[in-house]
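[1] Test case, fold it:
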Amino acid sequence: MIKFGKWIGAGLGWTIGGPIGALLGFAFGTLVDAANLDKLDKQNFRTTTSDFVVSLLILIASIMKSDNRVVKSELDFVKRYLVSTFGEAKTTEMLLLLRNFLKKDIPVEEVGNQIRHKMNYSSRLELLHLMYGIISADGSIDANELTVFDYIASTIGITDNDIRSIKSMYSRSTDWAYEVLEIKRNSSAEQIKKAYRQLALKNHPDRVAYLGEEIRKKAHEKFAKINEAYKVIKKERNLN
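    The predicted model follows:
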């Protein structure tokens, strides 16, 4: 098995089955000897880093295909984002997978259902955070991309409040800090503090530390935005 298989293949857990497994079968069949796929551990049902990355790439591919065309500039933006997160070597292998996923019709609902049932909520939040970071990396989000993103978010079981919170981390609207904390501007001091504690708990980087340092670093970025929003509100409301 080539290097690609050593990094992704050896770490596959639950993604080896279901609709994601079918898409992987196509990608592996293109990139490596299909016989090697049978040697992977099909009994590992704990979410691995490879499961997380494969899920991310499939969902990103579905968003990129939303307008029925994929242009080089989109791939370039995705590549730069992946390099900044995973480094050059892993990104090269990830792009091989992504390009193969882009060739296939992706059953988004089925893929989303598999992710929802196999991945814990904090990891799914981080998955959505990374997806939104990628599609907004060029400074604008196409309406078709946003529609698919919202559908994916719903399918993988993310609440509407958490979806809005993630989007608000990338904007600077008048109420962005309140939207990040999922509260109203007229919320009481106690409601603000409670909202922050709850959001910090489910988005804490330690909850995704098992996925590796690269994912944990991105989770720290999200956590920093939550803290920034809280500080903005505390200063505005003169809270201790």
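[2] hey, let's count contacts and neighbours off CA atoms from now on
    OK.
[3] so what pLDDT did T30 get?
    As predicted, T30 sits at a pLDDT of 61.
[4] Model confidence score at A22, please.
    Reading off the model, A22 has pLDDT 87.
[5] And the helices in this structure?
    3-7, 18-31, 49-64, 72-86, 88-101, 108-118, 121-135, 143-155, 160-168, 176-180, 189-202, 213-237 (DSSP state H).
[6] for the ones you listed, which one ends up most surrounded?
    Among these, helix 176-180 has the highest mean neighbour count (mean count of other CA atoms under 10 Å), at a mean of 23.
[7] For it, name the packing helices and strands.
    helix 160-168, helix 213-237 (3 or more CA pairs under 8 Å, 6 or more residues apart in numbering; DSSP states H and E).
[8] re earlier: can you tell me which of the helices of the chain the model trusts least?
    Among the helices of the chain, helix 3-7 scores lowest, with a mean of 51.
[9] Outline the domain layout of the protein.
    1-158, 160-240 (automatic domain parsing).
[10] Tell me the gap between the first one and the middle of its chain.
    In other words, domain 1-158. 9 Å (CA atoms, centre = their mean, to the nearest Å).
[11] how far does stretch 159-178 stretch from start to finish?
    One end of stretch 159-178 to the other measures 17 Å (CA to CA, to the nearest Å).
[12] heads up, I number from 174, so please use that
    That works, and once the first residue is 174, the last one we named lands at stretch 332-351.
[13] ok, and what's touching it?
    Outside stretch 332-351, the residues that touch it by CA atoms under 8 Å, 6 or more residues apart in numbering are 298, 301-302, 305-306, 323, 326-327, 352-355, 357-358, 395, 398-399, 401-403, 405-406.
[14] if you set the cut-off to 7 Å instead, what comes out?
    Stretch 332-351 is touched from outside by 302, 352-355, 357-358, 398, 402-403, 405-406, with contacts defined as CA atoms under 7 Å, 6 or more residues apart in numbering.
[15] between the residues you listed, which is nearest L270?
    H302 (20.5 Å; CA to CA).
[16] State the distance from the nearest residue to the closest one once chain neighbours are set aside to D348.
    Spatial nearest neighbour of H302, chain neighbours left out: I339 (6.2 Å); criterion: CA to CA, 6 or more residues apart in numbering. Distance, I339 to D348, by CA to CA: 14 Å.
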